[in-house]
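Colleague: predicted model follows, preceded by the sequence.
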Amino acid sequence: MVSNALRILSGLLLLSFTLLGRAEDGQPKLPTTRLNAGIHNIAAEVARTPDQRASGLMLRKTMGANEGMLFMFEDAGVQCFWMKNTLLPLSIAFIADDGTIANIADMKPQALDSHCSAKPVRYALEMNQGWFAKRGIKAGARLQGAPFRP
């Protein structure tokens with residue numbers, strides 16, 4: 001009896017440390033897709049479901065130099081984002097079906113300001129803040145990759 005109770009207690013402790021570790025490190029990583037902005041490669045995690053889009057990059061402390069998160073919506077619409085519980089400074093590009101960037105905005109960590117697309121889009125790509133500017137990528141540029149229709 002005592003050994004079963006100890007095994008259960010050990011299992012519960014391990015589970016709580018696992019959950020604490022996950023919360024501290026942010027959301028679990030999602031499957032990625034490769035995108036290109038001219039000669040620049042991007043490894044973008046893909047947030048497809050409402051839950052994945054709602055969680056996004058919340059609580060993440062780091063992100064690789066050429067990593068990001070691509071948010072995919074079922075229908076084109078004016079998409080708006082905020083940074084509640086997001087610890088990283090990010091830049092977001094709002095993207096049309098063909099990969100054309102409608103607009104780009106810089107977002108401050110944990111701010112509640114709303115950043116919206118300039119027109120209806122189905123995609124948004126979050127990268128480390130300044131990623132687009134450092135590479136001279138502006139509204140009107142076209143990204144390439146499997147999600148975008150020619």
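Modeller: Now that the structure is in, tell me what you want to look at. Note that the coordinates shown come from a computational prediction; the quantities given were computed from them, not determined experimentally.
Colleague: and the gap between the residue nearest to Cys116 when sequence neighbours are not counted and Met107?
Modeller: Excluding the flanking residues, the one nearest Cys116 by Cβ to Cβ, 6 or more residues apart in numbering is Cys80, at 4.1 Å. In short, each C-beta sits where N, CA and C put it, glycine included. Shown here: Cys80 relative to Met107, a distance of 11 Å by Cβ to Cβ, to the nearest Å.
Colleague: neighbour count: these two, which is higher?
Modeller: Met107 (20 against 11; other Cβ atoms under 10 Å).
Colleague: so for the more buried one, what's the pLDDT?
Modeller: Model confidence at Met107, expressed as pLDDT, equals 98.
Colleague: I'd say it and Leu88 touch.
Modeller: No: in this structure, Met107 is not within contact of Leu88 by Cβ atoms under 8 Å, at 9.2 Å.
Colleague: which neighbours do the two share?
Modeller: Taking Cβ atoms under 8 Å, 6 or more residues apart in numbering as the contact rule, Met107 and Leu88 both touch Gln129.
Colleague: what sits against Asp75?
Modeller: Arg122.
Colleague: how near is it to Val121?
Modeller: 10 Å.
Colleague: again, but for Thr86
Modeller: 20 Å.
Colleague: mind listing the helices for this structure?
Modeller: Taking DSSP state H to define them, one finds helices in the chain at 2-25, 50-55, 131-134.
Colleague: buried residues in the second one?
Modeller: Buried positions in helix 50-55, judged by neighbour count with 16 or more other Cβ atoms under 10 Å: 52-53, 55.
Colleague: helices and strands around it, which ones?
Modeller: Contact partners of helix 50-55 among helices and strands, from 3 or more Cβ pairs under 8 Å, 6 or more residues apart in numbering; DSSP states H and E: none.
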